[in-house]
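> Structure of the sequence below:
(one chain, ligands or ions: 4)
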Amino acid sequence: MNHQITASTCCYCGVGCGVLIEHDGERILGVSGDPAHPANFGKLCSKGSTLHLTGDPAARALYPELRLGKGLARSRTDWDTALDHAASVFAETIAEHGPDSVAFYISGQLLTEDYYSFNKLARALVRTNNIDSNSRLCMSSAVVGYKRSLGADAPPCNYEDLELSDCVMIVGSNMAYAHPILFRRLEEAKSRRPQMKVIVIDPRRTDTCDLADLHLAILPGTDVALFHGILHLLLWEDWVDRDFIKAHTQGLPELKSLVRDYTPQMVSQLCGISIEQLHQCAEWVGTSPSFLSLWCMGLNQSTAGSAKNSALINLHLATGQIGRPGAGPFSLTGQPNAMGGRETGSLSNLLPGHREAGNAEHRAQVAAYWGVDQLPEQTGLTAIELFEQVRSGKIKALWIACTNPAQSMPDQSAVRAALQACPFVVLQEAFRTTETAAFADLLLPAASWGEKEGTVTNSERRISHVRQAIVAPGETRSDWAITVDFAQRLEKHLRPGQDSLFAFDTPSQIFDEYKQLTRGRDLDLSGISHALIDRLGPQQWPFPEGASEGTARLYLDGIFPTANGRAQFVADPYRAAKEQRDARFPLTLITGRLRDQWHGMSRTGTAAQLFGHVSEAVLSLHPDELRRHRLQPGDLISLKSRRGAVIVPVDSDDSVRPGQAFLPMHWGDRFLKGGVNTLTQPAFDPLSKQPELKHSGVRLEPVHLPWQLFALIEGNVQQHFETLRPLCEAFSYTSLSIAGRERPALLIRAASAVAPDPQLLREIDRCLALNDGPVLAYDDPRRSIGKRVRIENGRITAIRLAGETLARHWLQNLWLEGRADEQLRRWLLAPLSAPPGQANASTVGSKTLCNCMNVSQGAVCAGIGRGLDLQGLKQELGCGTQCGSCVPEIKRLLAATAQPVAVVS
Ligand SMILES: Nc1nc2c(c(=O)[nH]1)N[C@H]1C(S)=C(S)[C@@H](COP(=O)(O)OP(=O)(O)OC[C@H]3O[C@@H](n4cnc5c(=O)[nH]c(N)nc54)[C@H](O)[C@@H]3O)O[C@H]1N2
Ligand SMILES: Nc1nc2c(c(=O)[nH]1)N[C@H]1C(S)=C(S)[C@@H](COP(=O)(O)OP(=O)(O)OC[C@H]3O[C@@H](n4cnc5c(=O)[nH]c(N)nc54)[C@H](O)[C@@H]3O)O[C@H]1N2
Ligand code: SF4
Ligand SMILES: [Mo]
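Ligands and ions are numbered 1, 2, ... in the order given. Below you'll find the model as predicted:
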């Protein structure tokens, strides 16, 4: 076999780590960190290091599929037919209803060249500003924050600042899970310089708090009050930099009179923290030689997202903590190329080169460069508004690329109704399995990570070359190529006989055209090309033509890209989150990320490895809430918001405060009936239009679902998923996952109020291969209880427990261990008794803590029981020695056993 190594970039988070892809030209065989990449210097987290294990080929979209009428099934077609059809539907729609009757909804996970093609297509050819992206759900408040306060959408810092800072404030970010490699860098810096102060501001006590000298568990949505309260103290104590303020800022007087009212008493009450904590925080911010802030969705995903961003930047301006090493307001980007999206104008209000769609001069500049007479003036729709207009029928053709709105948008009932109502939905996707794929009239198969080429910009403004390692499978094509091909066909309708605006054959040609639009702008990257990155390595913008290196930090001279060069203090008052706790909805639901899953799980949800850490969506509640509601861990409840309900099991978790609840964001309708975003709200920030995904009013309602199902089947997981998932529609609760590294199996848990029709159970058994062959069975039809286990070559290969499922953990462990012994046969003779020795066995102990070395929580706890410390655990079990993503959790277990109250689950 011809083994090769291709250097590329991880396709997950905005840290933008370099990866070395090991492959044979057709298959990706392994990945390792690229020691030469300045984001990660060879390290990868648990997601990056398992990239080669994810993205089951059986789940890929491999050829175009077209539906010729609503209600019909899609059938396979060829690219010419697919794109000609799309071009004629778009052309007819535009001719009949105008350019604003079509829209594009794209993604922060596209490459810069993909974005640029889409933007030119929408604005220059179609002539609509209806092009928005999922970055509206993610970064748009940060964009507004930087622009309002500093004049341009540019994170001024560098990753090295994490290592150099004396005081790091992490706010609304669970870096330990969401930006693990940066967290690793911070961990190392703090172990080298323990005097470095780390403050974490998060309503929950996350794994990130493991590093914190101070954790402020503020009440959800109260960040603006907190920041104003800190500024109040900074001014009172004179912990401000008057020279900096005088020379480089404006607007402090208005802000001063606003924050006068944010007294420590008031702020401590609003935020639910003590006055001492507030003082401590202000003192460290105000007196540390350098102060760096890192933030993410806890600030952005809020109806006050723009105000939160600017209120935080105010602290940097007041203390002069910007434009020097170890200091500055550093927004962590979510998606791998959300930055590139912002640069190329991939939000409806932007244009390429950090320009504004609402600015006539900017429109004229871009139109002239593109050689068209003008660009559209009409304001474009933002994500939430866009789907509203799809639902109301104003948008009649919708093009979606590289995002899964039927999972990730808030208020799913409305979003799904919109997709259902839309006359023509095109979906450009790598996986045919996503929730949105079900709604696509035209499915265009996209090449994915490792199969395509282009560039991405990471959180620190660094542009990397994403290189193709293997041939794209089936008929999949790169996103830029699909877009350009479609645009050329649409031109025949809209600009017949004219020279093409899309004469591109390679991504590097697209990059070279795009970069000229950045010339002379704050992000000037006219000196960069694909070839230059290949020669010099990844580079940080600005990098104007003629420069010999990129720019590590911005604003060193205190001059900001505003009209008069001064940064702006922004005086927005604190406004509470939209849905406050009340008698009907007494809990605030927070949603967020888990360590080992990526968004809607189209890629990560195909690998057993990545379900090992958390295998189902569980609602975390403070133990007091469980007591108040008379619930036990594992009980199913109906979680209701003003928009809908989902049924989930609860768990006791004292990292969440009473009055709050936490649910991971990853489970859509495919893995959890209904999906998490059935509950969340579409209310958005007035400036950034970013929805408040972090806070929704909810209540718990008891459900009585005594009839339970557990099923497990080895083998082709994707195929089993496709046959079994539709059958589960009959149940009130359904959750699916994958287990078993060597022999992956699909696992199903379901529950309903009464036993289903026996015919359905027979159908499920047929899919589980349990209707005949070497199957041990027990049936008690009177009590609607039935159990089946298939044993082949002395091993369990399928299980179905119906009615009650007490033995499921025991059986799952037998399956995992490859045992099918006499005990199993005996139990099946009288399966109503508890399983031998393990009546209440749970999978908590078998939860995988360390993915790299496959070490379970049980093994770690046993090690701790034997007196091992972190070093001992690492040496003896190997856990935490590779990517390090599990170290915070191991430390938490160590700390928990050091105290008498151990909270392990
Ligand atoms: N493992 C993993 N990593 C990822 C991703 C993934 O899907 N999985 N996705 C990537 C993407 S696109 C993004 S955007 C980032 C997101 O990265 P993060 O924003 O770090 O992740 P979240 O878990 O969404 O939210 C962060 C924290 O905000 C807290 N929070 C909620 N409300 C408030 C509030 O009012 N104030 C404050 N201060 N905090 C609050 C939550 O409790 C949560 O711990 O992660 C990126 N990295
Ligand atoms: N409740 C709640 N909801 C949230 C959030 C939250 O914190 N809470 N966070 C929000 C945030 S910050 C974000 S960023 C969004 C993310 O939401 P989405 O954008 O929906 O997330 P993904 O599942 O990553 O969707 C990307 C899709 O692109 C496909 N894909 C992968 N590679 C390629 C490729 O090369 N080309 C193409 N064309 N397709 C490809 C994947 O299979 C996947 O289906 O979710 C938002 N939704
Ligand atoms: S931190 Fe992990 S997920 Fe993010 S880019 Fe690096 S390896 Fe990928
Ligand atoms: Mo995001």
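> which bits of the protein sit near ligand 4?
Residues of the chain lying close to ligand 4 (CB under 5 Å from the ion) are 138, 334. Every C-beta, even on glycine, is put in place using the N, C-alpha and C of the backbone.
> residues from the chain in reach of ligand 2?
The interface of the chain toward ligand 2, taken as CB under 6 Å from any ligand atom, is made up of 107-109, 134, 137-138, 297, 301, 334-335, 401-404, 407-408, 428-431, 434, 446, 448, 479, 591-592, 598-600, 602-603, 665, 676-677, 680, 693.
> Which residue ranges of the stretch 701-850 of the chain form strands?
Along the stretch 701-850 of the chain, the segments classed as strands by DSSP state E, counting those that start in this stretch run 707-714, 733-739, 745-752, 775-780, 785-792, 795-803, 848-850.
> What helices and strands are in contact with the shortest one?
Packed against strand 848-850 by the contact rule (3 or more CB pairs under 8 Å, 6 or more residues apart in numbering; DSSP states H and E) you find strand 855-856, helix 857-865, helix 887-898.
> for the first one, same thing?
Taking 3+ CB pairs under 8 Å, 6+ apart as the contact definition, the neighbouring helices and strands of strand 707-714 are helix 717-727, strand 745-752, helix 758-767, strand 795-803, helix 808-817.
> pLDDT at the residue in the stretch 1-150 of the chain that ligand 1 sits nearest to, what is it?
For the stretch 1-150 of the chain and ligand 1, the shortest gap (CB to the nearest ligand atom) falls at residue 13, measuring 3.7 Å. Reported pLDDT at residue 13 in the predicted model: 97.
> can you tell me which residues contact the residue nearest to it when sequence neighbours are not counted?
Closest residue to residue 13 apart from its sequence neighbours, by CB to CB, 6 or more residues apart in numbering: residue 179 at 5.8 Å. By CB atoms under 8 Å, 6 or more residues apart in numbering, the contact list for residue 179 reads 13-15, 173, 296, 332, 459.
> Measure how buried residue 776 is and give me the count.
As a burial measure, residue 776 scores 18 neighbours (other CB atoms under 10 Å).
> Next, find the distance separating it from residue 821.
The gap separating residue 776 from residue 821 is 12 Å, by CB to CB, to the nearest Å.
> Tell me where the model's unsure across the stretch 351-500 of the chain.
Filtered on pLDDT under 70, the stretch 351-500 of the chain yields no residues whatsoever.
> Just the helices from it, written as ranges.
Along the stretch 351-500 of the chain, counting by DSSP state H, counting those that start in this stretch, helices occupy 360-370, 383-391, 405-408, 412-421, 479-494.
> Residues of the chain that sit close to ligand 1?
By CB under 6 Å from any ligand atom, the residues of the chain that approach ligand 1 are 13, 47, 138, 171-174, 177-178, 201-204, 206, 220-221, 223, 296-298, 334-335, 590, 592-593, 595, 597-599, 694.
> one more time with 5 Å
13, 138, 171-174, 178, 201-202, 204, 206, 220-221, 223, 296-298, 334-335, 590, 592-593, 598-599, 694 (CB under 5 Å from any ligand atom).
> returning to that earlier point: turn the helices of the stretch 351-500 of the chain into TSV, columns for mean neighbour count.
Below are these laid out as TSV (neighbours: other CB atoms under 10 Å):
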stretch	mean neighbour count
helix 360-370	16
helix 383-391	23
helix 405-408	27
helix 412-421	20
helix 479-494	22
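> Now these in a markdown table, please, with extra columns for distance to residue 620.
Below are these laid out as a markdown table (distance: least, CB to CB, whole Å):
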| stretch | distance to residue 620 |
| --- | --- |
| helix 360-370 | 46 |
| helix 383-391 | 27 |
| helix 405-408 | 20 |
| helix 412-421 | 21 |
| helix 479-494 | 37 |
